[in-house]
Structure formats: structure tokens, C-alpha cells
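Visitor: attaching a predicted model along with its sequence, questions to come.
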Amino acid sequence: LAELKDSATLHTLDLDLGKNRVRDAGAQALALLKHSAVLHTLNLNLCRNQVGDAGAQALATLKDSTALHILSLTLDTNEVADAGAQALALLKDCTAL
């Protein structure tokens, strides 16, 4: 999935990966979508995936994307603690999103 970042035609991506054991490694791989030059809208449902602080911190780096303008993350029922929550909270200050 992370290789989707190389697609020249992918402008919108909706992924419902709830209950799929994505964990931190999967969240980190999905965060590589920030390198997509054309991805404008990203909706990720990662509920019940055992995502922890490392995964949440990686997902927070999606704010660094130059093309992304709409980001929706669903992370309920995961293992995100203070460090991950603080990283995600910084998304609210991103003027591009």
C-alpha cells in the first residue's frame, strides 16, 4: 500500500483497514504516503489495529505532505498513549490540512 505514493493519478484514497493488525509498522508504511506528489485527500480508518505511539507519530508526519489538503484519521481502540496523542494533536495547527 505504501507504494501508492508513487502513483501519478491517485488524488483521493479511502482505506478502511479496521481490525487488520496494521500495528505501528503498518502505520509507519502508510505514513510514507506523505511523499505522494498528487494525493489530495486521504481517509484512513485504522480502528482496532494495535497502533501505538510510534505509529501515531509516523501518521502525524502526514502534515509534511505538500499535496495533501484533506486528512481523516480514525484511530479509536488502539494503543496510542501520550506521546502519540501529542504528535497527532499537532495536526490541528497545520494550515494546509
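Guide: Structure's in. What do you need?
Visitor: what about Gln28, how many neighbours?
Guide: Counted with other Cβ atoms under 10 Å, the burial measure for Gln28 works out to 18 neighbours. Heads up, the C-betas are built off the backbone N, CA and C, glycines and all.
Visitor: sec struct for it, please.
Guide: helix (DSSP: H, G, I helix; E, B strand; the rest coil).
Visitor: now do the same contact list for it.
Guide: 54-55, 58 (Cβ atoms under 8 Å, 6 or more residues apart in numbering).
Visitor: repeat for Arg23
Guide: Taking Cβ under 8 Å, 6+ apart as the test, what Arg23 contacts is 49-52, 55.
Visitor: just the local confidence number for it, please.
Guide: You'll see Arg23 listed with a pLDDT of 98.
Visitor: what's the distance between it and Gly52?
Guide: Taken as Cβ to Cβ, to the nearest Å, the spacing of Arg23 relative to Gly52 amounts to 8 Å.
Visitor: what's the answer for Asp6, then?
Guide: Where Gly52 is concerned, Asp6 sits at a distance of 27 Å (Cβ to Cβ).
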